[in-house]
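Chemist: Turn this into a structure:
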Amino acid sequence: MWTIPNILTLSRIAAAPVVAIMVALGGSAWALPAFLLFGAAALTDFLDGWLARRFGQTSSLGKMLDPIGDKVMVGLLLLALTSKAGDEWVFVVPAVVILTREILVSGLREFLGDVKLNVTRLAKWKTTAQLIAISVLLGADLLPPFHGGLEIFMIGLILLWIAAVLTAITGWDYFAKGVAVIRQRESGE
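Modeler: Okay, the predicted model is just below:
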């Protein structure tokens, strides 16, 4: 259990609420620590899997925790950032798409039980796009609005929409595969 990859994944899970609280508190004093901690935690998403494969430390626990870590990071930060954005639909819509997909796919995996839906390359890109978009949005708080902050925020918002589109596509893919498994079970009974 206490392998470096699992420790990195657990640190990502632990960092997520801390960063979300920093974002919710707002203010310039929290902008840099939130950005740096999120960036470090996001890097663990790459490192944990790479180290596990490189040193033969893959485990069932790690395979379970890694997607949980991703969903906790993305979910909590989207909630915190959405609370700051208010009712701006251009921010709320992609956040809702992302959160809805993550919850539905988790439920589908739980329902299917022992049937493994493999993570696709596009799903990995989806997670990367989500983490980059959130990083850019957090980075926008490091600059004053009219000295680059607004432009960086707009770039982050565009990246968030791209992440939401990738999220919807991969969600549809998982559900199509899941429905096929369910139909196969029902026809075999």
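Chemist: ok, Leu138 touching Phe38?
Modeler: Yes: Leu138 lies in contact with Phe38 (Cβ atoms under 8 Å); the separation is 5.6 Å. Heads up, the C-betas are built off the backbone N, CA and C, glycines and all.
Chemist: Mutual contacts of those two, please.
Modeler: Common neighbours of Leu138 and Phe38 (criterion: Cβ atoms under 8 Å, 6 or more residues apart in numbering): Leu77.
Chemist: Quick check: next helix or strand after the host helix or strand of Asp70?
Modeler: Asp70 belongs to helix 60-85 when assigned by DSSP states H and E. Heading C-terminal from helix 60-85, the first helix or strand you meet, by DSSP H and E, is helix 89-112.
Chemist: how about low-confidence regions in the protein?
Modeler: 189 (pLDDT under 70).
Chemist: in it, which spans are helices?
Modeler: For the chain, the helices defined by DSSP state H cover 4-25, 28-54, 60-85, 89-112, 121-140, 150-188.
Chemist: any chance of those in CSV, plus mean neighbour count?
Modeler: What follows is these, written out as CSV (neighbours: other Cβ atoms under 10 Å):
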stretch, mean neighbour count
helix 4-25, 19
helix 28-54, 17
helix 60-85, 19
helix 89-112, 16
helix 121-140, 20
helix 150-188, 16
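Chemist: just to revisit the earlier point, the helix holding Asp70 vs helix 150-188, what angle?
Modeler: 130 degrees (axes from the mean of the first three to the mean of the last three Cα atoms, to 10 degrees).
Chemist: between helix 60-85 and helix 89-112, how big is the angle?
Modeler: Going by the same axes, to 10 degrees, helix 60-85 makes 160 degrees with helix 89-112.
Chemist: for helix 60-85, packing partners?
Modeler: helix 4-25, helix 28-54, helix 89-112, helix 121-140 (3 or more Cβ pairs under 8 Å, 6 or more residues apart in numbering; DSSP states H and E).
Chemist: I'd like those laid out as TSV, including distance to Val165.
Modeler: Output for those, formatted as TSV (distance: least, Cβ to Cβ, whole Å):
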stretch	distance to Val165
helix 4-25	24
helix 28-54	20
helix 89-112	8
helix 121-140	9
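Chemist: so which of these comes closest to Leu77?
Modeler: Among these, the nearest to Leu77 by Cβ to Cβ is helix 121-140 (5.0 Å).
Chemist: and that closest one, what other elements does it pack with?
Modeler: Packing partners of helix 121-140 (3+ Cβ pairs under 8 Å, 6+ apart): helix 28-54, helix 60-85, helix 150-188.
Chemist: Can you lay out these as TSV showing distance to Ala133?
Modeler: Formatted as TSV, those follow (distance: least, Cβ to Cβ, whole Å):
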stretch	distance to Ala133
helix 28-54	11
helix 60-85	9
helix 150-188	4
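Chemist: mind checking which of those is nearest Val93?
Modeler: Nearest to Val93 among the helices and strands packed on helix 121-140 is helix 150-188 (7.4 Å), distances taken as Cβ to Cβ.
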